[in-house]
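[1] Sequence plus the predicted model coming up.
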Amino acid sequence: MTGYFIALLFLVFGGVFVVITIFISSLIRPTIKQPQKYDTYECGEVPVGDSWIQFNNRFYIIGLIFLIFDVEIVFLYPWALVFKDIGLLALVEMFIFLFILIAGLAYVWVKGDLDWVKPQPKISYLAKAKGE
């Protein structure tokens, strides 16, 4: 058997497994047909208005920034556990790593992406008159 055949066999087995699992779960699961089930929200709150509203993307940006820095900070924990064994070079590398993280945080902070309410850019009257 070649490697490609094994990979093909794995993909076919995986696909068949997924189809069988979905079919069995559709037979077993309870089906309750209520109009509330098809509402936009299922958290117990009555939806108000249309679900296609403009969503402020600052929530997404701040969540993404938090996730990036949170995942990067996770790398500090294993380093701290084995710091005594790996020596001075690891200390220097970790300070470089932390410097890059702090520089990224400073960039995001100066750019204003951490502010909930961003100030509107000031347009001078001269630029308005010129049509810029």
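    Thanks, I have it. Residues are numbered from 1 along each chain as shown.
[2] Which parts of this protein are helices?
    Using DSSP state H, the helices found in the chain span residues 3-28, 58-74, 76-81, 83-86, 88-111, 125-130.
[3] What is the distance between the shortest one and the centre of its chain?
    Relative to its chain's centre, helix 83-86 lies at 32 Å (Cα atoms, centre = their mean, to the nearest Å).
[4] Check the third one too.
    Per Cα atoms, centre = their mean, the displacement of helix 76-81 from the mean C-alpha position of its chain is 24 Å.
[5] Not counting that helix itself, show me its contacts.
    Outside helix 76-81, the residues that touch it by Cβ atoms under 8 Å, 6 or more residues apart in numbering are 90, 94. No exception for glycine: its C-beta is placed from N, CA and C like everyone else's.
[6] could you give the mean pLDDT of that helix?
    For helix 76-81, mean pLDDT is 82.
[7] Quick one: closest of the helices of the chain to Trp52.
    Set against Trp52 and scored by Cβ to Cβ, the helices of the chain come closest in helix 58-74, at 16.6 Å.
[8] can I get the CA coordinates of the closest one in PDB?
    Output of helix 58-74 as PDB, limited to C-alpha atoms (Å, rounded to 0.1, in the frame of the first residue of the first chain):
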ATOM      1  CA  ARG A  58     -14.600  47.400  17.600                       C
ATOM      2  CA  PHE A  59     -15.900  44.400  19.600                       C
ATOM      3  CA  TYR A  60     -14.400  42.100  17.100                       C
ATOM      4  CA  ILE A  61     -11.100  44.000  17.000                       C
ATOM      5  CA  ILE A  62     -10.700  44.200  20.800                       C
ATOM      6  CA  GLY A  63     -11.600  40.500  21.100                       C
ATOM      7  CA  LEU A  64      -9.100  39.600  18.400                       C
ATOM      8  CA  ILE A  65      -6.400  41.700  20.100                       C
ATOM      9  CA  PHE A  66      -7.100  40.100  23.400                       C
ATOM     10  CA  LEU A  67      -7.000  36.600  21.900                       C
ATOM     11  CA  ILE A  68      -3.600  37.300  20.200                       C
ATOM     12  CA  PHE A  69      -2.000  38.600  23.400                       C
ATOM     13  CA  ASP A  70      -3.600  35.900  25.600                       C
ATOM     14  CA  VAL A  71      -2.300  33.100  23.400                       C
ATOM     15  CA  GLU A  72       1.100  34.700  23.300                       C
ATOM     16  CA  ILE A  73       1.200  35.000  27.100                       C
ATOM     17  CA  VAL A  74       0.400  31.200  27.300                       C
END
